[in-house]
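J.: Okay, here's the prediction I keep looking at, along with the sequence it came from:
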Amino acid sequence: MDFEWRRKDWVMIRGVPMICACTPNWERIDNFQAREDDIVIATYPKSGTTWMSEIVDVILNDGDTEKNQKDAIFEKVPMLEFWVPGEVSPGSELLDSLPSPRKVKTHLPVSLLPKSFWEKNCKIIYVARNPKDVAVSFYHFDTMNNLHPEPGPWEKYVDKFIQGNMGFGSWITHVKEFWDLRKDRNILYMFYEDMLEDPKREIHKVMKFLGKDFSDDVLEKICLHTSFKAMKENPSTNYSALSSAIMDQSVSPFMRKGICGDWKNHFTVSQNEKFDKYYEKEMSSTDLSFRFIV
Ligand code: PPS
């Protein structure tokens, strides 16, 4: 594929670095019309979006894990801001064509989220993950996602992360702004590490938030269906349906490790010290906190 959007640098949208291919005609995002029953899955990248998307999809199918396995996750739960002009239709257009209730994936920070989601008081499920594992996952993702700029060496990557020079901007801004809004808005704030620790307990929270009630057996079935192993093997969730010109999974698989603590295999002692200082400073003013080991 002649791929004009390959390895382009981030493009700034109101101060937030964004995937270049997704930036033309940005009014389509600002003017996006939410519906009252939209369910938004909002995350900083690499924080468990796909995992939560599949959980929400199965819950809305009343726990029927067989139903609608023919569509890939990026078709069932379109990413609002995604677009590769000439190759992949805009997520916003795909969403316009879907029946309600729609499931909307987005990595947009609070400052760029279309206003209509707030006006319609849509349910938002936010998933946050500890930033060290996010950085590691994002690095591997940058190596295989040709819509992103080259990540460069890992030695410099942690600095870029700290500076917020990443697609979708600063991790800290992202997680804090949704955290601060959660009490006044219709937001269920979830943690990737909690989901790893006790998937059933966490899926139960999502089920309640979506107004459903399932038996223990159904919850167990959802846990199995959305386990890392099952989702890695499932062609509708492992992104194998997406063109390898966009994501080259021979470089790094989308479903890579799915664990907590892989950062220990990547962070050097000095990177870790620097990161801990940054984290302590930035998090000193909030009651939000993360677990780095489960
Ligand atoms: S994206 O591209 O931003 O939408 O990626 P996202 O889905 O947010 O995050 C990808 C990471 O989530 C891991 N993952 C899972 N972990 C545990 N269980 C399940 N079921 C699961 N599904 C996806 C995936 O492996 C990526 O993390 P890393 O650390 O790279 O393995």
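T.: Yep, that arrived. Residues are numbered from 1 along each chain as shown.

J.: What residues does residue 5 make contact with?
T.: Applying CB atoms under 8 Å, 6 or more residues apart in numbering, we find residue 5 in contact with 20, 21, 84, 85, 87, 146, 147. For every residue, glycine as well, the C-beta is placed using N, CA and C.

J.: Oh, that last question was meant for residue 11, not what I typed.
T.: 17, 18, 19, 20, 23.

J.: now with 10 Å?
T.: 17, 18, 19, 20, 21, 22, 23, 24, 26 (CB atoms under 10 Å, 6 or more residues apart in numbering).

J.: separation between the residue nearest to the fifth one when sequence neighbours are not counted and residue 244?
T.: What sits nearest to residue 21 in space, not counting adjacent residues and going by CB to CB, 6 or more residues apart in numbering, is residue 5, at 3.9 Å. Distance, residue 5 to residue 244, using CB to CB, to the nearest Å: 15 Å.

J.: ok, stretch 230-245 near the ligand or not?
T.: Yes: against the ligand, stretch 230-245 shows contacts by CB under 6 Å from any ligand atom at residue 231.

J.: follow-up on the earlier one: farthest-apart pair in the contacts of residue 5, please.
T.: Checking the contacts of residue 5 against each other with CB to CB, the farthest-apart pair comes out as 85 and 146, at 14.7 Å.

J.: Between these two, which is the more surrounded one?
T.: Neighbour comparison, residue 85 and residue 146: the larger count goes to residue 146, with 23 against 14 (by other CB atoms under 10 Å).

J.: Next one, pLDDT for the closest residue to that one other than its chain neighbours please.
T.: Distances taken as CB to CB, 6+ apart place residue 6 nearest to residue 146, at 5.0 Å, with adjacent residues excluded. Looking at residue 6, its pLDDT is 95.

J.: The chain: strands as residue ranges?
T.: Assignment of strands within the chain using DSSP state E yields the ranges 11-13, 16-18, 39-43, 103-106, 123-128, 187-191.

J.: So the closest residue to the ligand within the stretch 51-200 of the chain versus residue 179, what's the distance?
T.: Minimum separation of the stretch 51-200 of the chain from the ligand (CB to the nearest ligand atom) falls at residue 137, amounting to 3.3 Å. The gap separating residue 137 from residue 179 is 20 Å, by CB to CB.

J.: circling back: so who does the residue of the stretch 51-200 of the chain closest to the ligand touch?
T.: Contacts for residue 137 (CB under 10 Å, 6+ apart) come out as 45, 46, 47, 48, 129, 192, 252, 256, 257, 258, 262, 263.

J.: okay, those in JSON lines with pLDDT, neighbour count and distance to the ligand next?
T.: Below are the contacts of residue 137 laid out as JSON lines (pLDDT from 0 to 100; neighbours: other CB atoms under 10 Å; distance: CB to the nearest ligand atom, whole Å):
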{"residue": "45", "pLDDT": "99", "neighbour count": "20", "distance to the ligand": "4"}
{"residue": "46", "pLDDT": "99", "neighbour count": "24", "distance to the ligand": "4"}
{"residue": "47", "pLDDT": "99", "neighbour count": "27", "distance to the ligand": "5"}
{"residue": "48", "pLDDT": "98", "neighbour count": "23", "distance to the ligand": "5"}
{"residue": "129", "pLDDT": "99", "neighbour count": "26", "distance to the ligand": "8"}
{"residue": "192", "pLDDT": "99", "neighbour count": "27", "distance to the ligand": "7"}
{"residue": "252", "pLDDT": "98", "neighbour count": "16", "distance to the ligand": "8"}
{"residue": "256", "pLDDT": "98", "neighbour count": "17", "distance to the ligand": "3"}
{"residue": "257", "pLDDT": "98", "neighbour count": "15", "distance to the ligand": "4"}
{"residue": "258", "pLDDT": "98", "neighbour count": "16", "distance to the ligand": "3"}
{"residue": "262", "pLDDT": "98", "neighbour count": "16", "distance to the ligand": "6"}
{"residue": "263", "pLDDT": "98", "neighbour count": "21", "distance to the ligand": "9"}
